[in-house]
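Colleague: Test case, fold it:
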Amino acid sequence: MQAKILADESVNFNIVQFLGEQGYTVYSNLEEKAGINDLEVISLAKEMNIILLTEDKDFGEWVFAYHIKNISVILLRYNSLDLDQIKQNLVNLLAKYSNTYYNKFIVIKKDKYRIRHL
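Modeller: Numbering: from 1, shown residues only. Okay, the predicted model is just below:
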């Protein structure tokens, strides 16, 4: 079973489209509930029990400083020249870890990724 993903408004729509083309179910916050605040995004991801995909570092603060629990977050950190590599890294990680990325905070960069258990 492939991951279901809630893409935050900050996520490049090219990435959202790419994930859909790869067979992932992706809900785009931009299309579905544009303008909601971070806590509402977190609540939506928890309610839907799906992975929150973002490029917004504020979600790291919510998870680690404010101790938000029972959420899975993938934070993408890259520059525009690395977009293709980031897309490939993301699908590779999703395929490799299958259902084991729940309740984790994952940071994906061009050359590496880091997984922290929540």
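Colleague: all contacts plus neighbour counts: C-alpha atoms, from now on.
Modeller: Will do.
Colleague: Just the CA coordinates for the lowest-mean-pLDDT helix or strand in the chain, please, in CSV.
Modeller: The helix or strand of the chain with the lowest confidence, counting by mean pLDDT, DSSP states H and E, is helix 29-32 at a mean of 74. Coordinates of each C-alpha in helix 29-32 appear next as CSV, following Å, rounded to 0.1, in the frame of the first residue of the first chain:
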residue,chain,number,x,y,z
ASN,A,29,-3.9,21.8,0.8
LEU,A,30,-3.6,24.6,-1.8
GLU,A,31,-6.4,23.1,-3.8
GLU,A,32,-8.6,21.9,-1.0
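Colleague: Specify the residue positioned farthest from the middle of this protein.
Modeller: Centroid-distance maximum for the chain: Leu81 at 19.6 Å, with CA atoms, centre = their mean.
Colleague: Relative to Gln88, how far out is that residue?
Modeller: Using CA to CA, to the nearest Å, Leu81 is found at 13 Å from Gln88.
Colleague: Can you list the buried residues in the biggest helix by length in the chain?
Modeller: Taking DSSP state H as the assignment, the helix of the chain that covers the most residues is helix 83-97. For helix 83-97, the neighbour count (16 or more other CA atoms under 10 Å) marks 83, 86-87, 89-90, 94 as buried.
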